[in-house]
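**Q** model the following, please.
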Amino acid sequence: MADYKAMYFHLAGQMSIAVEALEGLVAITEKLKKAQQVTEDMFIESDDEDSYDNPEETTL
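**A** A predicted model of the protein is given here:
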């Protein structure tokens, strides 16, 4: 007979590890989004006209 209890504990343990890893990725993603937003705001608020002289430099 299959050991369903062992199978369940194995699955639950691996799922817990995966969920913790995903939560870490979400936190990292939010930090990267915030950094991008702040940098974009800094760029928009800057008085530096040189950045508009060569639009190819600002294109990814």
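**Q** check which helix or strand residue 25 maps to.
**A** Element membership for residue 25 (DSSP states H and E) is helix 4-45.
**Q** could you check how far that helix is from the centre of its chain?
**A** 7 Å (C-alpha atoms, centre = their mean, to the nearest Å).
**Q** quick check: residue 34 vs residue 47, distance?
**A** For residue 34, the distance to residue 47 equals 24 Å [C-beta to C-beta, to the nearest Å]. To be clear about C-beta, it is placed using only N, CA and C from the backbone, and glycine gets the same treatment.
**Q** and the two? Which one has more around it.
**A** Neighbours per residue (other C-beta atoms under 10 Å) separate residue 34 from residue 47, with residue 34 holding more: 10 against 4.
**Q** now for residue 9, how many residues are close by?
**A** Residues near residue 9, counting by other C-beta under 10 Å: 11.
**Q** and what of residue 38?
**A** Neighbour count of residue 38, defined by other C-beta under 10 Å: 10.
**Q** what do you get for residue 15?
**A** Count around residue 15 with other C-beta under 10 Å applied: 10.
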